[in-house]
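J.: Below are the sequence and a predicted model; questions follow.
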Amino acid sequence: MNIELVMLIIEIIGTIAFAITGVITALEKKFDIFGALVLGTVTAVGGGIVRDLILGYTPPMAFRKSVYAVTAVATSLVVFIIAYFFGKRIKKHYDVYSQVINIFDSIGLAVFVVGGVNSSIACGFEENMFLSIFVATLTGVGGGVMRDIMAGKVPKILRKRVYALAAIVGAIIYYLLIHYSICSTTLAIILGAGSVLIIRILATIFHWNLPTVKNLDE
């Protein structure tokens, strides 16, 4: 299987995963169907748009290939319809549902981090490690930041379970494996994306969070 097809499949998976988290956030905030579709789509393609603008790749890929936006809208619509007809049943199993959403969020983060590094390399910035990792991290967290801001929430990367740190670690691992040709591209993808997923899952299980200053008012 050619690497371009592999990356397309990976990015479609990420698009679906992030669209789901966007719609769920919209439902929690009681958005109507249009608001849910907008938030799902923005979450899915927002990070990639910002990435492409930074890299000077214009118009961004989300506008060049309609498959991303179409996938995001279709996914958002399906999730909204399911929630519309079966929302009460889903709510009874809130704990399970929360974990499923966290898994989708982690999958989206992992695959977009890998895609971000690849985009930087494709645009001729392979020798610039800082830019590649920065762009990869932004690709992974950008859509989620837009989602949370539009929904009136504090972005998850600023407060929750080493979210951005997982993206940075995964980006570094993937970049080094690719840049120094340590292993095949397929294995590099598995290790890079896998490291993000593992960190996010462990952070969820063990409730890892970065240090914060507490009791300032005391």
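T.: Happy to help now that I have it.
J.: okay, and for the protein, where does confidence drop off?
T.: 1, 90-95, 97, 160-161, 216-218 (pLDDT under 70).
J.: just checking, what packs against the longest helix seen in it?
T.: If you go by DSSP state H, the chain has its longest helix at helix 94-122. Under the contact criterion of 3 or more C-beta pairs under 8 Å, 6 or more residues apart in numbering; DSSP states H and E, helix 94-122 touches helix 3-28, helix 33-55, helix 129-150, helix 163-179, helix 185-206. (Each C-beta comes from the backbone N, C-alpha and C, glycine too.)
J.: How far off centre is that helix?
T.: For helix 94-122, the separation from the chain centroid amounts to 4 Å (computed by C-alpha atoms, centre = their mean, to the nearest Å).
J.: would you list the helices and strands packed on helix 94-122 in a markdown table and tack on distance to L109 and mean neighbour count?
T.: Compiled in a markdown table, the helices and strands packed on helix 94-122 are given as follows (distance: least, C-beta to C-beta, whole Å; neighbours: other C-beta atoms under 10 Å):
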| stretch | distance to L109 | mean neighbour count |
| --- | --- | --- |
| helix 3-28 | 8 | 22 |
| helix 33-55 | 9 | 23 |
| helix 129-150 | 5 | 23 |
| helix 163-179 | 6 | 22 |
| helix 185-206 | 6 | 18 |
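J.: Distance to F104 for those - can I get that in TSV?
T.: Output for the helices and strands packed on helix 94-122, formatted as TSV (distance: least, C-beta to C-beta, whole Å):
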stretch	distance to F104
helix 3-28	4
helix 33-55	11
helix 129-150	11
helix 163-179	14
helix 185-206	11
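J.: quick one, which of the ones you listed is nearest to F86?
T.: helix 3-28 (11.8 Å; C-beta to C-beta).
J.: I'd assumed L37 was in contact with V73.
T.: Yes. If you go by C-beta atoms under 8 Å, V73 and L37 touch, sitting 5.8 Å apart.
J.: Can you get me a residue count around the nearest residue to G56 once chain neighbours are set aside?
T.: Among residues not flanking G56 along the chain, C123 sits closest, at 7.0 Å (C-beta to C-beta, 6 or more residues apart in numbering). The local packing of C123 (other C-beta atoms under 10 Å) involves 17 other residues.
J.: likewise the one 4 residues further on?
T.: Using other C-beta under 10 Å, E127 has 9 other residues around it.
J.: Could you do S66 as well?
T.: 10.
J.: how close does it get to T41?
T.: Applying C-beta to C-beta, to the nearest Å, the value for S66 to T41 is 12 Å.
J.: now do V135
T.: For V135 relative to T41 (C-beta to C-beta), the value is 21 Å.
J.: which residues touch H179?
T.: E126, M129 (C-beta atoms under 8 Å, 6 or more residues apart in numbering).
J.: Work out the gap between stretch 30-50 and the centre of the chain.
T.: Remark: stretch 30-50 is offset 13 Å from the chain centroid, using C-alpha atoms, centre = their mean.
J.: Now it - C-alpha only, PDB.
T.: This file holds the C-alpha atoms of stretch 30-50, laid out as PDB (Å, rounded to 0.1, in the frame of the first residue of the first chain):
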ATOM      1  CA  LYS A  30     -27.500  22.000  23.600                       C
ATOM      2  CA  PHE A  31     -26.600  23.300  20.100                       C
ATOM      3  CA  ASP A  32     -29.100  22.800  17.400                       C
ATOM      4  CA  ILE A  33     -28.400  20.500  14.400                       C
ATOM      5  CA  PHE A  34     -26.700  23.300  12.400                       C
ATOM      6  CA  GLY A  35     -24.500  24.200  15.400                       C
ATOM      7  CA  ALA A  36     -23.600  20.600  15.900                       C
ATOM      8  CA  LEU A  37     -22.600  20.200  12.200                       C
ATOM      9  CA  VAL A  38     -20.500  23.400  12.400                       C
ATOM     10  CA  LEU A  39     -18.700  22.400  15.600                       C
ATOM     11  CA  GLY A  40     -18.100  18.900  14.400                       C
ATOM     12  CA  THR A  41     -16.600  20.100  11.100                       C
ATOM     13  CA  VAL A  42     -14.500  22.800  12.800                       C
ATOM     14  CA  THR A  43     -13.100  20.300  15.300                       C
ATOM     15  CA  ALA A  44     -12.200  17.900  12.500                       C
ATOM     16  CA  VAL A  45     -10.500  20.300  10.000                       C
ATOM     17  CA  GLY A  46      -9.600  23.300  12.100                       C
ATOM     18  CA  GLY A  47      -6.100  22.000  13.200                       C
ATOM     19  CA  GLY A  48      -5.200  21.100   9.600                       C
ATOM     20  CA  ILE A  49      -6.300  24.500   8.300                       C
ATOM     21  CA  VAL A  50      -4.100  26.300  10.800                       C
END
